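Novice: Take a look and give me a structure for this.
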Amino acid sequence: APGGNVDRLNNTLSLMGKSGVIVAINGKRTRLDAEALVQMLAAMPEGNLQRIELINNPPASYDADGDGGVINLVLIENDERGVNGQLNVVGGYGQRGKYGASGNFNWKRGGLHLFGNFSTDHNHTNQDFELRSRIQYPNQQLDSRQDNRRPAYIGMHSGRIGADLELGAKASWSTFVAGSLRRWDLANARASTDYFVPFSNIDRIELTSQEINNTDHYMVSNHFTYRFNTDQKLSVDYDYLSYFIDNPTNYQSLTFRAGETESSRFESTKEPPLRFHVARVDYEAP
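Specialist: Now for the predicted structure:
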């Protein structure tokens, strides 16, 4: 989208060069942290988007922290009555297999609308690289070569299911449950560094690592609207959000020094659960 920028390295969004951007879906703000938000956008099928609205000057209905603007993603909604939907399947191969699927459905009858969408993406990849370096010291030149072999798996899965209900001529209620799962698995990665001129008597360092970084996010959202007349409206929102991160890491290092071998091991884990309740009441009048 013109003026919009995604920084995948730092997991940030900007609009016309300004940070602090709010992302909304069908006018409803998504309350996600930066990393989870970028992951959700990456997993969202392009076929589910009708248009992208860029709002440089957010109206008062959005929170003040969105001074960078609002990116509103308008999803495709079929106005036909009955049941309709679509399913997409993709696959490919680049060193290792990559495949996925996405789909959506709609069901409408009277004042009730049921909807849902999902996407799943599996990416088996090799994050291999080599690094050669030369460092000149006053009395020594150090040449080294680092070889990294990293067979990684990246999985992105998301889904959303909900309902819109018309409660008479003036009131409406909408609710949905959404979730996203990110899977990142680095199994038996190996990195070796060779020093062609021994540095501090070190000839070679071998590092074996295993790392899992999984992020789960779930959200329940409710929105109630009552229109007193064409100029007056009352809106009530309640959201429940849950995050869980599972990040165990295991490193084992072997250092070869002057015919001797030293071994060391490092283990860490991170499992922070985060839960939020967000409520909001908004009254609009001329």
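Novice: Helices of the stretch 1-150 of the chain, start to end?
Specialist: For the stretch 1-150 of the chain, the helices defined by DSSP state H, counting those that start in this stretch occupy 34-43.
Novice: Which strand runs longest in this protein?
Specialist: Longest strand in the chain, counting residues (DSSP state E): strand 171-199.
Novice: Pairing partners for it, with directions?
Specialist: Strand partners for strand 171-199, identified by DSSP bridges, are recorded as strand 141-149 (antiparallel), strand 151-167 (antiparallel), strand 202-212 (antiparallel), strand 214-227 (antiparallel).
Novice: any idea how far residue 238 is from residue 107?
Specialist: 25 Å (C-beta to C-beta, to the nearest Å). In short, each C-beta sits where N, CA and C put it, glycine included.
Novice: Show me what the nearest residue to residue 29 once chain neighbours are set aside bridges to in the sheet.
Specialist: Spatial nearest neighbour of residue 29, excluding adjacent residues (C-beta to C-beta, 6 or more residues apart in numbering): residue 22 at 5.8 Å. On the basis of DSSP bridges, residue 22 is bridged to residue 70.
Novice: what's around residue 22, how many residues?
Specialist: Residue 22 has 21 neighbouring residues, counting by other C-beta atoms under 10 Å.
Novice: Also residue 190?
Specialist: 13.
Novice: pLDDT at residue 198, what is it?
Specialist: Turning to residue 198, the model gives it a pLDDT of 59.
Novice: All further residue positions should be reported with the first residue as 55.
Specialist: Sure thing, new numbering starts at 55, so read that last one as residue 252.
Novice: Distance of the residue of the chain positioned farthest from its centre relative to residue 295?
Specialist: Relative to the centre of the chain, the most outlying C-alpha is that of residue 193, 49.1 Å out, by C-alpha atoms, centre = their mean. Remark: distance between residue 193 and residue 295 (C-beta to C-beta) = 59 Å.
Novice: Mind listing the residues bridging to the nearest residue to residue 173 once chain neighbours are set aside?
Specialist: In this structure, residue 173 finds its nearest non-sequential neighbour in residue 156, 3.9 Å apart by C-beta to C-beta, 6+ apart. Note on residue 156: beta-bridge partners residue 142, residue 173, judged by DSSP bridges.
Novice: what does residue 160 give?
Specialist: Bridge pairing for residue 160 - DSSP bridges - gives residue 138, residue 169.
Novice: my read: it touches residue 166, true?
Specialist: No: using C-beta atoms under 8 Å, residue 160 is not in contact with residue 166; the gap is 11.3 Å.
Novice: more neighbours, those two?
Specialist: residue 160 (20 against 11).
Novice: The more buried one and residue 188, how far apart?
Specialist: Residue 160 sits 61 Å away from residue 188, taking C-beta to C-beta as the criterion.
Novice: just the strands in the stretch 55-204 of the chain please.
Specialist: For the stretch 55-204 of the chain, the strands defined by DSSP state E, counting those that start in this stretch cover 58-61, 66-69, 75-79, 82-83, 103-109, 123-129, 136-148, 150-163, 166-180, 183-190, 195-203.
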